[in-house]
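**Student:** Sequence first, then the predicted structure:
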Amino acid sequence: MTKGCTHIAGIQDVTPSALGCEECLKSGSRWLHLRICRTCGHVGCCDDSPNRHATAHFHATGHPVIEGYDPPEGWGWCYVDEVLFDLSKRKTPHNGPIPRYY
């Protein structure tokens with residue numbers, strides 16, 4: 001389940017930065033799915049979204065682990081080690097309603 005990931009121990013309980021992709025909300029863009037950074041709580045859009053803000057956040061900050069967040073999906077991904085793992089017992093709850101664009 002966590003084979004090969006060196007960042008599992010660094011996963012934090014976080015507060016979501018926004019009720020949707022932080023950058024898309026500011027620019028008026030749309031997203032498909034959301035990811036939340038388990039280092040700082042940044043909410044960004046997935047790689048199937050036009051702007052790929054979650055991955056951009058990783059490249060800008062080096063924060064390695066995201067969680068599937070729309071809805072809380074119970075999985076995590078480490079960008080550095082390219083490992084998928086179970087977060088079903090540590091899901092980050094939404095702090096309000098998330099807008100839907102699809």
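**Tutor:** Cool, the structure landed. Numbering: from 1, shown residues only.

**Student:** Downstream of the lengthiest strand in the chain, the next helix or strand is which one?
**Tutor:** For the chain, the strand with the greatest residue count under DSSP state E is strand 72-78. Downstream of strand 72-78, the first helix or strand assigned by DSSP states H and E is strand 83-86.

**Student:** buried ones in the longest strand of the chain?
**Tutor:** Neighbour-count burial for strand 72-78 flags 72, 76, 77, 78 (criterion: 16 or more other C-beta atoms under 10 Å). Every residue, glycine included, has its C-beta placed from N, CA and C.

**Student:** Let's verify the spatially closest residue to residue 72 that is not a sequence neighbour: helix, strand, or coil?
**Tutor:** Of all residues not flanking residue 72 in the chain, residue 91 sits nearest, at 4.0 Å (C-beta to C-beta, 6 or more residues apart in numbering). Using DSSP: H, G, I helix; E, B strand; the rest coil, the structure places residue 91 in coil.

**Student:** hang on, residue 91 packs against residue 75?
**Tutor:** No: between residue 91 and residue 75 there is no contact, the gap being 9.4 Å when judged by C-beta atoms under 8 Å.

**Student:** okay, and the common contacts of those two?
**Tutor:** Counting by C-beta atoms under 8 Å, 6 or more residues apart in numbering, the residues touching both residue 91 and residue 75 are residue 67.

**Student:** how many neighbours does residue 86 have?
**Tutor:** Residue 86 is flanked by 11 other residues according to other C-beta atoms under 10 Å.

**Student:** Residue 6 - how many residues pack around it?
**Tutor:** Burial measure for residue 6: 12 neighbouring residues, criterion other C-beta under 10 Å.

**Student:** residues in contact with it?
**Tutor:** Residues in contact with residue 6 (C-beta under 8 Å, 6+ apart) are 80, 81.
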